[in-house]
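**Student:** Quick one, fold the following:
(one chain, ligands or ions: 1)
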Amino acid sequence: MTNSAGSSSIAQPHLLPVFARADVAFERGEGVWLTGTDGERYLDFTSGVAVNALGHCHPHLVAALQEQATKLWHMSNLFKSPDGERLAARLCEQSFADFVFFCNSGAEAMECAIKVTRHYHFSKGKPERTRIITFEGAFHGRTLGTLAATGAAKYLEGYGPPLEGFDQLPLGDLDAVKKAVGPNTAGILIEPVQAEGGVRAAEPAFFRSLRDVCDANDLLLVFDEVQTGMGRTGDLFAYRRLGIEPDVMSLAKALGGGFPIGACLATAKAAAGMAPGSHGSTFGGNPLAVAAANAVLDVMLKPGFFEHAQKMSLLLKQKLASVVDRYPQVLAEVRGEGLLIGLKAVVPSADLVNALRGEKLLTVGAGENVVRFLPPLIVNESEIQEAVSRLERACVALSGPQLKRAAGQ
Ligand code: PLP
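**Tutor:** Numbers count the residues shown, from 1 in each chain. So this is what the prediction gives:
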């Protein structure tokens, strides 16, 4: 069997075939490195798609989960959650938020954000205000609600009528936003950096204008930080670098460092109408998940953690830019913030991902023919150099015979 990325897949007849899985599996990981079942070592610049921010099997996370596993795994939200309260308090202290709802994934965090946004107006006696402005190129998840917010035909096809209530506009078009705001508008939803969409972002001034539009029209500004949040862009939350605050924000991916947990954060004003019964989750914020996320915060909030990530970002971007200069037949551009870095390819991006995997460097595709480099935030200089050397080898292989000769291969 050949998948859409061009490689043959391991026979897996019982897994629903919704993923184009590469023909490789892994049995263990340590830091930035993975060991495949083929016995090879791979440099992991996927971080499980921006999840393993502290690398694989970080000792502090392993210890926290081992300790929690001997005490209590799951308790329902019918009872108090002291560690959940501690995690929520820490997230609020670090952000604009007053309240946190815990769930299990990015899509669930976004569902909560959409519900909070609609409920805000409902509880103010304006139930007709349900529409949310979104942007082309967005990705908000795979539930029916978040798919409708995502709005791309390729994801919606085959699933019947999408959830009503999203008005999708070109990214960065402020006039379109102003025109789209009407009596039924409830909020504006945006990713600080569109990651799945190809590592592209609107200008900071656009975000500030969105804040103004929201303030002028009593709309909630919702940031989807499922991928950008928890350090990926070089700060705990990407919004901090924009000089404004949202009213609602979703987190997931790196929040549990590899243990599934999502969160929806909101101001007291935005969440004012939410009361017992308004929303819920069986597993959301259970003791194992909360222990993992508290351990992630322990590490990230240590002095110097984000400075390191920013330093590595600069180094990686500089080195990538020099590879782009030397292989214009293969690569066109470096983009992104922090360690959410995109390489826009000239060759088909799937070919580049495959060639890099051949060099035992794991990366992730994105929209706009971009390949994402998402190393764990604890990546060091020599690992970055190693990744860049592997990229160069892949570029040579993809450059064709003429360039190979020029490069002395
Ligand atoms: N929002 C953004 C910005 C994402 O990147 C993703 C996943 O890639 C999601 C939401 C959905 O998250 P999940 O796959 O955990 O449901």
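**Student:** all strands of the stretch 101-250 of the chain, in order?
**Tutor:** Assigned by DSSP state E, counting those that start in this stretch, the stretch 101-250 of the chain shows strands spanning 131-135, 166-169, 185-190, 220-224, 248-251.
**Student:** who wins for proximity to Ser47 among those?
**Tutor:** Closest approach to Ser47 among these (Cβ to Cβ): strand 248-251, 15.3 Å. All C-beta atoms are positioned from the backbone trio N, CA, C, and that covers glycine.
**Student:** And the closest residue to the ligand within the stretch 101-250 of the chain, how far from Arg200?
**Tutor:** Nearest to the ligand in the stretch 101-250 of the chain, going by Cβ to the nearest ligand atom, is Gly106, at a distance of 2.2 Å. Look at Gly106 and Arg200: by Cβ to Cβ, to the nearest Å, they are 19 Å apart.
**Student:** Compare the two and say which one has the larger neighbour count.
**Tutor:** Per other Cβ atoms under 10 Å, whichever of Gly106 and Arg200 has more neighbours is Gly106, with 30 against 20.
**Student:** Could you check the pLDDT of that one?
**Tutor:** Reported pLDDT at Gly106 in the predicted model: 98.
**Student:** same deal with Pro59?
**Tutor:** At Pro59, pLDDT is 98.
**Student:** so what does the lengthiest helix in the chain touch, helix or strand wise?
**Tutor:** Looking across the chain with DSSP state H, the single longest helix is helix 305-326. Packing contacts for helix 305-326, counted by 3 or more Cβ pairs under 8 Å, 6 or more residues apart in numbering; DSSP states H and E, involve strand 331-337, strand 340-345, helix 381-398.
**Student:** So for the ligand, which of these sits nearest?
**Tutor:** Nearest of those (Cβ to the nearest ligand atom): strand 340-345, 10.1 Å.
**Student:** Quick check: buried residues in that closest one?
**Tutor:** Of the residues in strand 340-345, Leu340, Ile341, Gly342, Leu343, Lys344, Ala345 count as buried by neighbour count, 16 or more other Cβ atoms under 10 Å.
**Student:** now stretch 201-219
**Tutor:** Applying 16+ other Cβ under 10 Å to stretch 201-219 flags Ala201, Ala202, Phe206, Phe207, Ser209, Leu210, Arg211, Val213, Cys214, Leu219 as buried.
**Student:** Then stretch 124-135?
**Tutor:** Buried residues in stretch 124-135 (16+ other Cβ under 10 Å): Arg129, Thr130, Arg131, Ile132, Ile133, Thr134, Phe135.
**Student:** end to end, how far does it reach?
**Tutor:** Start-to-end span of stretch 124-135 (Cα to Cα, to the nearest Å) is 26 Å.
**Student:** Is that stretch in proximity to the ligand?
**Tutor:** No. Judged by Cβ under 6 Å from any ligand atom, stretch 124-135 stays clear of the ligand, getting no closer than 11.6 Å.
**Student:** Same check on stretch 289-296?
**Tutor:** No. Using Cβ under 6 Å from any ligand atom, stretch 289-296 never reaches the ligand; the gap is at least 13.0 Å.
**Student:** average pLDDT for that stretch?
**Tutor:** According to the model, stretch 289-296 has a mean pLDDT of 98.
**Student:** residues near the residue of the stretch 251-400 of the chain found nearest the ligand, how many?
**Tutor:** Closest residue of the stretch 251-400 of the chain to the ligand, Cβ to the nearest ligand atom: Ala252 (4.7 Å). Ala252: 28 surrounding residues under other Cβ under 10 Å.
**Student:** again, but for Gly187
**Tutor:** So Gly187, with other Cβ under 10 Å, has 28 neighbours.
**Student:** got the contact list for it?
**Tutor:** Thr117, Tyr120, Ile132, Ile133, Cys214, Leu219, Leu220, Leu221, Val222, Asp247, Val248 (Cβ atoms under 8 Å, 6 or more residues apart in numbering).
**Student:** As CSV, those with pLDDT would be great.
**Tutor:** Below are the contacts of Gly187 laid out as CSV (pLDDT from 0 to 100):
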residue, pLDDT
Thr117, 98
Tyr120, 98
Ile132, 98
Ile133, 98
Cys214, 98
Leu219, 98
Leu220, 98
Leu221, 99
Val222, 99
Asp247, 99
Val248, 99
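**Student:** so who does Leu72 touch?
**Tutor:** Contacts for Leu72 (Cβ under 8 Å, 6+ apart) come out as Pro287.
**Student:** ok, for Leu144, nearest residue in space, not its chain neighbours?
**Tutor:** The spatial neighbour of Leu144 that comes closest, neighbours along the chain excluded (Cβ to Cβ, 6 or more residues apart in numbering), is Leu163 at 5.6 Å.
**Student:** Which pLDDT value goes with that neighbour?
**Tutor:** Predicted confidence (pLDDT) for Leu163: 97.
**Student:** Surely it and Gly145 touch.
**Tutor:** Yes. Leu163 lies in contact with Gly145 (Cβ atoms under 8 Å); the separation is 5.0 Å.
**Student:** Between those two, which has more neighbouring residues?
**Tutor:** Between Leu163 and Gly145, counting by other Cβ under 10 Å, Gly145 is the more crowded of the two (20 against 13).
**Student:** now the helices: where do they sit in the protein?
**Tutor:** Under DSSP H, the chain gives helices at 47-50, 59-69, 82-93, 106-122, 144-150, 153-156, 174-180, 204-217, 287-300, 305-326, 349-358, 381-398, 401-406.
**Student:** Could you pick out the residues of this protein near the ligand for me?
**Tutor:** Proximity of the chain to the ligand is confined to 105-107, 110, 139-141, 191, 195-196, 224, 226-227, 252 under the rule Cβ under 6 Å from any ligand atom.
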